[in-house]
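S.K.: Provide a 3D model corresponding to the input given below.
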Amino acid sequence: MQLPQYFIQQTRAIFGEERFERFVKALDDESPVSIRLNPTKAADMMPVDGEPIPWCRGGYYLPKRPNFTFDPLLHAGCYYVQEASSMFLDEVLRQVSPSGRMEGALDLCAAPGGKSTLLRAVLPADSILYSNEPIAKRASILLENVTKWGYENHHVTNLYPKDYRKSKAKFGLILCDVPCSGEGMFRKDPDSVKEWSPQNVEKCWQLQREIVVDAWACLNEGGILIYSTCTYNIKEDEENVRWIRDELGAELVPIAIKPEWNITGSLLEGFDEPVYRFIPGYTRGEGLFMAVMRKRGEGTSKPYKEGHKHARTPQLPLLTPPILKQEGESAPKVNLTYAQAMAYLRHEALVLPSDTPRGIVEVCFEEHALGLAKNIGNRANNLYPKEWKIKTTYIPNEYETILRHT
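M.R.: Modelled structure (predicted):
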């Protein structure tokens with residue numbers, strides 16, 4: 001891989017020669033493939049030949065990359081395709097809130113939804129999670145992934161961080177997976193190498209501080225801020241964390257990790273606070289930097305649910321998710337064959353078994369719901385959201401099994 005010369009000079013100086021050479025060599029290797037199971041839909045399932053990811057319950061490495069588009073169970077929300085380093089959030093969340101108690105949660109820069117769906121799976125059922133994305137097109141992708149994941153009390157917004165600050169909403173946990181220069185994406189997305197520049201790094205670290213200031217205003221005393229990037233340079237990583245500590249008064253929270261995970265600590269001279277960096281060639285995943293901080297004060301963490309007398313429910317415009325299940329009395333369920341499931345996901349009309357009740361039915365694959373259809377007898381009208389349909393003309397004849405029941 002041809003890396004920008006300035007990036008080479010900068011990263012070699014940060015990493016040191018031996019660590020940098022291992023990193024560069026790893027960039028020519030294939031990226032690890034990993035998925036994370038949905039505990040409400042795939043509790044009794046696991047990947048075929050999957051190897052557990054040590055810092056994430058329900059996370060697995062796969063031996064090869066299947067064509068996920070053609071797996072109906074992905075579209076049913078049974079699992080999420082997520083890079084393994086990002087799943088370190090699972091370990092962090094379980095340590096900072098071992099009882100599972102939080103006073104509301106906000107994922108401020110949430111698209112496409114990997115960390116948000118993980119966060120929602122860890123939070124208690126009666127907690128509320130707001131997942132936000134300022135860019136409308138990315139917000140629609142976030143909404144799709146959140147809707148398929150299928151949890152209650154999970155809302156999606158299309159706002160800027162300053163809008164949350166103006167709303168005076170308060171949360172016990174805020175995740176800031178901030179926009180960054182994307183150095184940790186180089187192996188996974190070679191096009192990101194072409195987009196990298198020193199000027200973009202300068203732009204990013206300043207924007208990141210602006211986002212954190214807005215987030216900090218929304219954080220309760222005693223609340224937790226998780227700051228993360230997918231980049232390696234210290235300007236966007238350690239220097240920003242030091243700034244948050246010094247200017248906002250944040251307290252760094254240590255996370256217990258195991259030596260065999262090969263997670264790297266601070267690389268900024270004179271800054272020895274607990275931070276966590278995943279470097280290809282050392283850790284089995286892509287580039288990630290994460291720091292956990294607490295807002296000093298006497299605040300307490302309590303479950304955040306609608307109507308709770310201590311909760312400040314934000315009055316924010318929410319994106320409306322498409323309807324995938326019938327409200328009230330559940331619709332009759334109809335299991336589809338693989339060919340029928342793929343036709344449904346392509347938004348084609350279906351012919352259901354003759355004994356299928358007329359009206360709204362819930363179509364499933366291997367007992368997992370995909371969405372709704374309206375059976376009118378000779379055919380069933382497809383009610384799957386048109387904007388989600390699979391557009392490829394190629395459909396395999398056989399289903400490549402990714403998950404199996406244990």
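S.K.: From here on, just use CA atoms for contacts and neighbour counts.
M.R.: Noted.
S.K.: So which residues of the stretch 51-200 of the chain form strands?
M.R.: In order along the chain, the stretch 51-200 of the chain carries the following strands (DSSP state E, counting those that start in this stretch): 51-52, 59-62, 79-81, 105-107, 129-132, 154-157, 171-177.
S.K.: so what are the domain limits for this structure?
M.R.: Under the assignment automatic domain parsing, the domains of the chain span 5-295, 333-384.
S.K.: Adding mean pLDDT and distance to Ser34, write the strands of the stretch 51-200 of the chain out as JSON lines.
M.R.: Supplementary listing: the strands of the stretch 51-200 of the chain in JSON lines, determined by pLDDT from 0 to 100; distance: least, Cα to Cα, whole Å:
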{"stretch": "strand 51-52", "mean pLDDT": "98", "distance to Ser34": "9"}
{"stretch": "strand 59-62", "mean pLDDT": "98", "distance to Ser34": "4"}
{"stretch": "strand 79-81", "mean pLDDT": "98", "distance to Ser34": "6"}
{"stretch": "strand 105-107", "mean pLDDT": "97", "distance to Ser34": "22"}
{"stretch": "strand 129-132", "mean pLDDT": "97", "distance to Ser34": "23"}
{"stretch": "strand 154-157", "mean pLDDT": "97", "distance to Ser34": "24"}
{"stretch": "strand 171-177", "mean pLDDT": "96", "distance to Ser34": "20"}
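S.K.: Tell me which of the domains of the chain lies nearest to Asn397.
M.R.: For Asn397, the closest of the domains of the chain is domain 333-384, at 7.6 Å, according to Cα to Cα.
S.K.: What is the end-to-end distance of that closest one?
M.R.: Using Cα to Cα, to the nearest Å, the gap from the first to the last residue of domain 333-384 comes to 15 Å.
S.K.: and stretch 12-28, how far from the chain's centre?
M.R.: Its chain's C-alpha centre lies 27 Å from the corresponding centre of stretch 12-28 when counted by Cα atoms, centre = their mean, to the nearest Å.
S.K.: what comes up buried for that stretch?
M.R.: 12, 14-15, 19-20, 23-24, 26-27 (16 or more other Cα atoms under 10 Å).
S.K.: Kindly format the C-alpha coordinates of that stretch as PDB.
M.R.: Below are the C-alpha coordinates for stretch 12-28, written out as PDB (Å, rounded to 0.1, in the frame of the first residue of the first chain):
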ATOM      1  CA  ARG A  12       6.900   6.500  12.400                       C
ATOM      2  CA  ALA A  13       7.800   9.200  14.900                       C
ATOM      3  CA  ILE A  14       4.700   8.400  17.000                       C
ATOM      4  CA  PHE A  15       4.900   4.600  16.900                       C
ATOM      5  CA  GLY A  16       8.700   4.100  16.900                       C
ATOM      6  CA  GLU A  17      10.500   2.100  14.200                       C
ATOM      7  CA  GLU A  18       9.700  -1.500  15.300                       C
ATOM      8  CA  ARG A  19       6.000  -0.800  15.900                       C
ATOM      9  CA  PHE A  20       5.700   1.200  12.600                       C
ATOM     10  CA  GLU A  21       7.300  -1.600  10.500                       C
ATOM     11  CA  ARG A  22       4.900  -4.200  11.900                       C
ATOM     12  CA  PHE A  23       2.000  -1.800  11.300                       C
ATOM     13  CA  VAL A  24       3.000  -1.200   7.600                       C
ATOM     14  CA  LYS A  25       3.400  -4.900   7.000                       C
ATOM     15  CA  ALA A  26      -0.100  -5.600   8.400                       C
ATOM     16  CA  LEU A  27      -1.600  -3.100   6.000                       C
ATOM     17  CA  ASP A  28      -0.800  -5.500   3.100                       C
END
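S.K.: Give me the residues contacting it.
M.R.: With contacts defined as Cα atoms under 8 Å, 6 or more residues apart in numbering, stretch 12-28 is touched by 1, 11, 186-187, 233-234, 267-268, 279-282.
S.K.: Select the longest helix from this protein.
M.R.: Determined from DSSP state H, the single longest helix within the chain is helix 198-217.
S.K.: Phe7 should be in a strand, yeah?
M.R.: No - the secondary structure assignment for Phe7 gives helix rather than a strand, going by DSSP: H, G, I helix; E, B strand; the rest coil.
S.K.: Return the residues in contact with it.
M.R.: Pro198.
S.K.: switch the cut-off to 10 Å
M.R.: 13, 183, 193, 196-198, 232-233 (Cα atoms under 10 Å, 6 or more residues apart in numbering).
S.K.: what does Arg277 give?
M.R.: With contacts taken as Cα under 10 Å, 6+ apart, Arg277 has the following neighbours: 85, 228-232, 237, 262-267, 283, 287-291.
S.K.: Narrow those residues to those in strands?
M.R.: 228-229, 288-291 (DSSP state E).
S.K.: right, and the pair among the contacts of Phe7 with maximum separation?
M.R.: Ala13 and Val193 (18.9 Å).
S.K.: Take the domains of the chain and write them to TSV, including distance to Glu400.
M.R.: Converted to TSV, these look like this (distance: least, Cα to Cα, whole Å):
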stretch	distance to Glu400
domain 5-295	7
domain 333-384	10
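S.K.: Between those, which one is closest to Pro321.
M.R.: Shortest distance between Pro321 and the domains of the chain, using Cα to Cα, is found for domain 5-295: 6.4 Å.
S.K.: Tell me where the model's unsure across this structure.
M.R.: The chain contains residues with pLDDT under 70 at 98-103, 298-314.
S.K.: Which stretches in it count as helices?
M.R.: Using DSSP H, helices in the chain cover 5-15, 17-26, 72-75, 88-96, 114-122, 136-149, 161-167, 191-195, 198-217, 238-248, 338-345.
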